[in-house]
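>>> Kindly return the folded structure for what I paste below:
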Amino acid sequence: MRIALLTYSTKPRGGVVHTLALAEALVALGPAQGVDAVDVWTLGRGGDAAFFRPVDPRVGVWAVPFPGVDGEPVGDRIERSIAVLGAAFAAAVADPAGGYDVVHAQDCISANAVLRAGVACRRTVHHLDTFTTPALVACHDRAVAQPAALACVSAAVAAEVSAGWGRAPVVIPNGVDAARFAAGAADRAGRAAWARRLGRYVLALGGIEPRKGTLDLLEAFARLRASSPDHADLELVVGGGETLFDYRDYRAAFDARAAALGVGPVVLGPVDDPALPSLVAEAAVLGFTSTKEGFGLAAMEALAAGVPVVARDLPVLREVLGGTVRFGAGVEDFTRALDAALREPGDPAPGRALAASYTWEAAARRHLEWYVGNSPRAAARV
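Below you'll find the predicted structure:
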């Protein structure tokens, strides 16, 4: 079986992390399990020819050049992304030697690209977005309505898809590289370097954007630090944030509010992949205040590192994280939960065990079952 996985970026966003880990777990199963080849297709933005981290050399990587256009509106950039990736993929599968038994898109952009190429595909819906621009609304709808089959990484998101589109996705949870983040907890040198640079900190990952609820975390952090001299030394640290979308207005509002509150967050931007586990492990607590999530991979990685987590009370996070984290519905709740997590972090063992229970090998095997169905091989080569 030849498998193509498609994603929209080379940068460390959740769906991209998922795509690479799944590709590596699938190729590791090998021909004995029916996997002959796995290729990952993506857009090489900004001249990128490779992903943010090394990829198992058994996985083929096809980064389609995607030059930037100064001042390009977000909607136009997404439409151009679809067209460029779709044209490259169509040309590849038109070659008899370049076909695939399974084509699996991981996001709205890559699903639309494959559909535009005239190729049947499967798609993982990690979470559902809300757009206001008609073209983006239509793009989002096509990417849920038109793929031949859908998967979700949680039952909560699958229920949203069922309610909105009348489809019944299979649920295949994420894997978690728990051992990597557990090793981050044991990385004394790496943690000490972050401690020297940042002191004691509350960490947020994913950048400053509406879906991550960063403004709510800022408000809670400011209240927390003002509530007690015990918290006067705390810093708010934000890592990550590579995105296609234009969140300049939200970032400006965040900066203005931070200045008004007397808080100077440390905004790291994208963090080098080797340094991420120790950054997470050294955090006093992870603030995970997203308004939408598909699984909560960053929270699970923090649990693997033994770090307490404060999360927004969403059905998907209740489903996946259960009783291993503290939940809050808004700023006041987050403030109380952060204070409690700092004062009494609790036993990290249940969180570590939960994270370790989600393996990429299990996820890959579940995907193979989904790909194959009741046949020993995928039904048709495209």
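>>> lowest confidence element among the helices and strands of the chain?
Lowest by mean pLDDT, DSSP states H and E among the helices and strands of the chain is helix 134-145, with a mean of 89.
>>> export that one as PDB, just CAs?
Coordinates of the C-alpha atoms in helix 134-145 are reproduced here as PDB (Å, rounded to 0.1, in the frame of the first residue of the first chain):
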ATOM      1  CA  PRO A 134     -17.800  33.500   2.100                       C
ATOM      2  CA  ALA A 135     -15.000  31.900   0.200                       C
ATOM      3  CA  LEU A 136     -13.400  30.600   3.400                       C
ATOM      4  CA  VAL A 137     -16.700  29.300   4.600                       C
ATOM      5  CA  ALA A 138     -17.200  27.400   1.400                       C
ATOM      6  CA  CYS A 139     -13.700  26.100   1.500                       C
ATOM      7  CA  HIS A 140     -14.200  24.800   5.100                       C
ATOM      8  CA  ASP A 141     -17.500  23.200   4.200                       C
ATOM      9  CA  ARG A 142     -16.100  21.400   1.100                       C
ATOM     10  CA  ALA A 143     -13.300  20.000   3.200                       C
ATOM     11  CA  VAL A 144     -15.900  18.300   5.500                       C
ATOM     12  CA  ALA A 145     -18.600  17.500   3.100                       C
END
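>>> Off-centre distance for that helix?
Centroid displacement of helix 134-145 relative to its chain, using CA atoms, centre = their mean, to the nearest Å, is 20 Å.
>>> and that helix, what does it pack onto?
When contacts are defined as 3 or more CB pairs under 8 Å, 6 or more residues apart in numbering; DSSP states H and E, helix 134-145 packs onto helix 74-94, helix 108-116, strand 122-125, helix 155-165. Bear in mind the C-beta positions are built from the backbone N, C-alpha and C, glycine included.
>>> Now render the ones you listed as a markdown table, adding distance to Arg248 and mean pLDDT.
Output for the helices and strands packed on helix 134-145, formatted as a markdown table (distance: least, CB to CB, whole Å; pLDDT from 0 to 100):
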| stretch | distance to Arg248 | mean pLDDT |
| --- | --- | --- |
| helix 74-94 | 11 | 92 |
| helix 108-116 | 21 | 95 |
| strand 122-125 | 28 | 97 |
| helix 155-165 | 28 | 97 |
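>>> Which one of those lies nearest to Gly34?
Checking the helices and strands packed on helix 134-145 against Gly34 by CB to CB gives strand 122-125 as the closest, at 16.1 Å.
>>> partner strands of the closest one, parallel or antiparallel?
When sheet partners are counted by DSSP bridges, strand 122-125 sits next to strand 102-105 (parallel), strand 149-152 (parallel).
>>> now, of those strands, which is deepest in the fold?
strand 102-105 (a mean of 28; mean count of other CB atoms under 10 Å).
>>> Spell out for me which residue occupies the centre of this structure.
Geometric centre of the chain, nearest residue: Gly14, 1.3 Å, by CA atoms, centre = their mean.
>>> Touching, that one and Ala299? I think so.
No. Taking CB atoms under 8 Å as the definition, Gly14 is not a contact partner of Ala299, at 11.0 Å.
>>> Bridge partners for Trp41, pull those for me.
Leu6, Trp62.
>>> for Leu224, helix, strand, or coil?
At Leu224, secondary structure determined by DSSP: H, G, I helix; E, B strand; the rest coil is helix.
>>> which intervals of this structure have sub-threshold pLDDT?
Within the chain, the stretches with pLDDT under 70 are 96-98, 374-382.
>>> one more time with 90
Residues of the chain that meet the criterion pLDDT under 90 lie in 13-14, 45-48, 68, 70-78, 94-99, 129-139, 240-248, 373-382.
>>> ranges for the strands of it?
2-6, 37-45, 59-66, 102-105, 122-125, 149-152, 170-171, 201-205, 235-239, 266-269, 285-288, 309-312, 326-328 (DSSP state E).
>>> elements contacting the third one?
This means strand 59-66. helix 14-29, strand 37-45, helix 74-94.
>>> Which among the ones you listed is found nearest to Leu236?
With CB to CB as the criterion, Leu236 lies closest to helix 14-29 of these, at 21.1 Å.
>>> Which residues does that closest one contact?
Residues from elsewhere that reach helix 14-29 (CB atoms under 8 Å, 6 or more residues apart in numbering): 3, 5-10, 35, 37-38, 40, 42, 51-53, 55-56, 58-59, 106-107, 124, 126, 153, 174-175, 177, 206, 294-295, 297-298, 360-361, 363-365, 367-368.
>>> how about a cut-off of 7 Å?
Helix 14-29 is touched from outside by 3, 5, 7, 9, 35, 38, 40, 51, 55-56, 58-59, 106-107, 126, 174-175, 177, 297, 360-361, 363-364, 367-368, with contacts defined as CB atoms under 7 Å, 6 or more residues apart in numbering.
>>> Neighbour count says what about those residues? Which are buried?
Neighbour counting over those (16 or more other CB atoms under 10 Å) leaves 3, 5, 7, 9, 35, 38, 40, 51, 55, 59, 106-107, 126, 174-175, 177, 297, 360, 363-364, 367-368 as the buried ones.
>>> Distance from stretch 279-292 to the middle of the chain?
Centroid separation for stretch 279-292 versus its chain: 14 Å, with CA atoms, centre = their mean.
>>> buried stuff in that stretch?
If you call a residue buried by 16+ other CB under 10 Å, then stretch 279-292 has these buried ones: 279-290, 292.
>>> With stretch 365-373 instead?
Arg365, Arg366, His367, Leu368, Trp370, Tyr371, Val372.
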